[in-house]
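Asker: turn this into a structure:
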Amino acid sequence: MPVNNRIADFHAEMTAWRRDLHEHPELAFEEVRTSAIVAEKLREFGCDEVITGIAKTGLVGVIRGNNAASGRAIGLRADMDALPILEDTGLPYASKTAGKMHACGHDGHTTMLLGAAKYLAETRNFDGTVYVIFQPAEENFGGGEVMVKEGLFERFPMERVFGLHNWPSAPAGTFLWREGPVMAAVANLEVTITGKGAHGAIPQNGNDPIVIAAALIQALQSIVSRNVEPVEGGVITIGHINGGFTYNVIPEQVKMLGTARWFAPEVGDLLEKRFLETVAGIAAAFGAQAEAKFIRLYPATINEPASTIMAADAARAVQGEARVLPMDKPTMGGEDFSFMLNAKDGAYLMLGGGRGAGDAMVHHPKYDFNDDILPVGASWWASLAERLLPRQG
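Answerer: This is a model prediction of the structure:
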């Protein structure tokens, strides 16, 4: 089922949907307008059922094929939320809400799944049932976990579930696949160091938490380099530090925020243990107090092998062998589709969206989803449905 099918006929329509969603970004669990538009379109397409209010703003469309009584079913999932980023693209369809932006392409993911739903509801060229899952709150709030906990797979029994993410660093229209780990587990790090404030010219009267923070940041870098086996993956990064108010005052406190990433569960346990020990040890060495939190967000996204083969085969049916490429290594980015893959067999692929040198990566204020790949992604979803649930007569 190559791209030059019915889906290509409504490419312009899909582009309009995507750009409208881009102009009106909504953050995690606030996707009220987005969810309403998706529900309206699914009903317009003729979906058999549209169930809203799952994980607050999430929804599922039910499309029954030629022989729904077969009991067979698969799930196709897209995310809907935006990021708290001030857009800097200058595009005519740029975000109309300052400080909110679809900087990860979830507007494109939603649109591609809508395009597939439109096609599948029109043709019904499959046996069984396809569930199109529109998930809220992928960015840091674990909407995927909430949907699973609210009984997604009990309410909508399915054999497998599949996800897709655009990837600007890969050429447009190429698919990237990988068995096993594809994205990392994620934890947020929080540290508050409490020392003793003083005049900057009389440091001996205080206990400088900025100096302690500097020592701690250096020490944290030894956790991965000197504790984690080199062939394993692990990252600890401090991304925010806040302390002090002016030139000549030693503050009472410094606060730091960071992230940890890993694949193997034992590595995550080691990072947590050594992080908490290091914070406590450095603070004690300086005679200060420290509070540390290691807040686990998402487990690693791990593709089930058989489902990955199915997903890659469906991609080859759309783009051909030469444009379906193995990922050499996983990425340290995180993804809450991992909660769905922990509960159900499935796979998560990347779809290249790169136009050339200079493309902004996701989570950048100049990022722009490539609308040229909309029919490619939608065709892949449709290909999955028709290949995994073939008509028997």
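Asker: every contact and neighbour count from this point should use C-alpha atoms.
Answerer: Fine.
Asker: how far does the longest helix along the chain sit from the chain's center?
Answerer: Taking DSSP state H as the criterion, the chain has its longest helix at helix 265-285. With CA atoms, centre = their mean, to the nearest Å as the basis, helix 265-285 stands 27 Å off its chain's centre.
Asker: got it, and stretch 251-258?
Answerer: The answer for stretch 251-258 is 28 Å, by CA atoms, centre = their mean.
Asker: go on, stretch 133-150?
Answerer: 10 Å.
Asker: contacts for it?
Answerer: Residues from elsewhere that reach stretch 133-150, judged by CA atoms under 8 Å, 6 or more residues apart in numbering: 27-29, 31, 54-55, 57-61, 75-83, 110, 297-298, 335-340, 343.
Asker: just the buried members of those residues?
Answerer: By neighbour count, with 16 or more other CA atoms under 10 Å, the contacts of stretch 133-150 hold 27-29, 31, 54-55, 57-61, 75-83, 110, 297-298, 335-340 as buried.
Asker: among the contacts of stretch 133-150, which are located in strands?
Answerer: Among the contacts of stretch 133-150, the ones falling in strands (DSSP state E) are 54, 58-61, 75-79, 297-298.
Asker: return the distance of stretch 348-356 from the chain's centre.
Answerer: 14 Å.
Asker: may I see the buried residues of it?
Answerer: Across stretch 348-356, burial judged by 16+ other CA under 10 Å covers 348-354.
Asker: and stretch 324-334, by the same measure?
Answerer: Within stretch 324-334, the residues scored as buried using 16+ other CA under 10 Å are 324-325, 330, 332, 334.
Asker: could you do stretch 194-212 as well?
Answerer: Buried, per 16+ other CA under 10 Å, within stretch 194-212: 194-198, 200, 206-210, 212.
Asker: which two from these end up farthest apart in space?
Answerer: Longest distance between any two of these is 16.4 Å, between 194 and 200; criterion CA to CA.
Asker: out of the buried residues of stretch 324-334, which sit inside strands?
Answerer: 324-325, 332, 334.
Asker: export those to a markdown table and tack on pLDDT?
Answerer: Shown next, in a markdown table, are those (pLDDT from 0 to 100):
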| residue | pLDDT |
| --- | --- |
| 324 | 97 |
| 325 | 97 |
| 332 | 93 |
| 334 | 94 |
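Asker: turn those into JSON lines, including distance to residue 9.
Answerer: Shown next, in JSON lines, are these (distance: CA to CA, whole Å):
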{"residue": "324", "distance to residue 9": "24"}
{"residue": "325", "distance to residue 9": "27"}
{"residue": "332", "distance to residue 9": "37"}
{"residue": "334", "distance to residue 9": "34"}
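Asker: which one of these is nearest residue 381?
Answerer: Using CA to CA, residue 324 comes nearest to residue 381 of those, at 14.9 Å.
Asker: tell me which residues touch that closest one, please.
Answerer: Residue 324 is in contact with 174-177, 312, 315-316, counting by CA under 8 Å, 6+ apart.
Asker: scan those residues and report the most crowded one.
Answerer: Within those, residue 175 tops the neighbour count with 33 neighbours, counted by other CA atoms under 10 Å.
Asker: please name the bridge partners of that one.
Answerer: Here residue 175 sits in beta bridges with residue 324, residue 351, going by DSSP bridges.
Asker: I'd guessed it sits against residue 350; true?
Answerer: Yes: under the criterion of CA atoms under 8 Å, residue 175 makes contact with residue 350 at 5.7 Å.
Asker: returning to what we had before: just checking, what packs against the longest helix of the chain?
Answerer: In terms of contacts (3 or more CA pairs under 8 Å, 6 or more residues apart in numbering; DSSP states H and E), helix 265-285 is packed against strand 180-194, helix 209-227, strand 253-262, strand 289-298.
Asker: can you add mean pLDDT and give the ones you listed back as CSV?
Answerer: Converted to CSV, the helices and strands packed on helix 265-285 look like this (pLDDT from 0 to 100):
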stretch, mean pLDDT
strand 180-194, 97
helix 209-227, 96
strand 253-262, 97
strand 289-298, 97
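Asker: please identify which of these is closest to residue 270.
Answerer: Per CA to CA, nearest to residue 270 of the helices and strands packed on helix 265-285: helix 209-227, 8.0 Å.
Asker: please list the outside residues in contact with that closest one.
Answerer: With contact meaning CA under 8 Å, 6+ apart, helix 209-227 is reached by 193-196, 234-238, 243, 250-254, 271, 274-275, 278-279, 282-283, 286, 288.
Asker: which among those residues count as buried?
Answerer: 193-196, 234-236, 238, 243, 250-254, 271, 274-275, 278-279, 282-283, 288.
Asker: pLDDT value on residue 358, please?
Answerer: Looking at residue 358, its pLDDT is 79.
Asker: same thing with the one 4 residues further on?
Answerer: Looking at residue 362, its pLDDT is 95.
Asker: and if you look at residue 61?
Answerer: Reported pLDDT for residue 61: 98.
Asker: cool, and residue 67?
Answerer: As predicted, residue 67 sits at a pLDDT of 83.
Asker: which residues touch it?
Answerer: 126-128, 391.
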